[in-house]
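1. okay, sequence plus prediction incoming.
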Amino acid sequence: MVLRRADRKDGPLIWRPLLLAILAAAVWTASVRAQRPYEDLICSYPWDCAKAYRVMLCESRGDPTAYNAGNYGLFQLNAIHRARVGGDLSLFYDPETNVRVAYDLWSAQGWAPWGCRGA
């Protein structure tokens, strides 16, 4: 019996399915991460990150540029908290700043400042 290259078990073709599986897993992981933006940022703080993520999605749908009636950014921070960013409300649109201020508020007041606290 003559083995063709495709029939051999010791050649590079045996590794192709494994490499394809690894590549598919990497692509899947990247796509899942892309579907959950800001999760790593939110979970970098020592709070219930699953709850914080749900609150953020409920408040802004994950849009860092969200604005509604004097509330800004991911966690819809109210303008009354402008002193936390030196008075510059545009900083609330920066995801890192918004999450930091949200964490500081949560540390002081729990989930009370958010209408979506039950999310």
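-> Nice, thanks for sending it over.

2. can you verify my assumption that Tyr45 contacts Val99?
-> Yes: counting by CB atoms under 8 Å, Tyr45 touches Val99, with 7.0 Å between them. For glycine as for every other residue, the C-beta is placed from the backbone atoms N, C-alpha and C.

3. now do the contacts for the closest residue to Pro37 other than its chain neighbours.
-> Closest residue to Pro37 apart from its sequence neighbours, by CB to CB, 6 or more residues apart in numbering: Gly62 at 5.7 Å. Gly62 is in contact with 37-38, 56, 74, counting by CB atoms under 8 Å, 6 or more residues apart in numbering.

4. now, which of the residues you listed lie within helices?
-> Mapping those onto helices (DSSP state H) picks out Met56.

5. buried only: go through the contacts of Gly62 for me.
-> 37-38, 56, 74 (16 or more other CB atoms under 10 Å).

6. for those, which one is nearest Gly118?
-> For the buried ones among the contacts of Gly62, the residue nearest Gly118 by CB to CB is Met56; the value is 13.8 Å.

7. tell me the pLDDT at the closest one?
-> Met56 is assigned a pLDDT of 97 by the prediction.

8. now it: how far from Gly86?
-> 23 Å (CB to CB, to the nearest Å).

9. do the same with Cys116
-> Cys116 is 27 Å from Gly86, by CB to CB.
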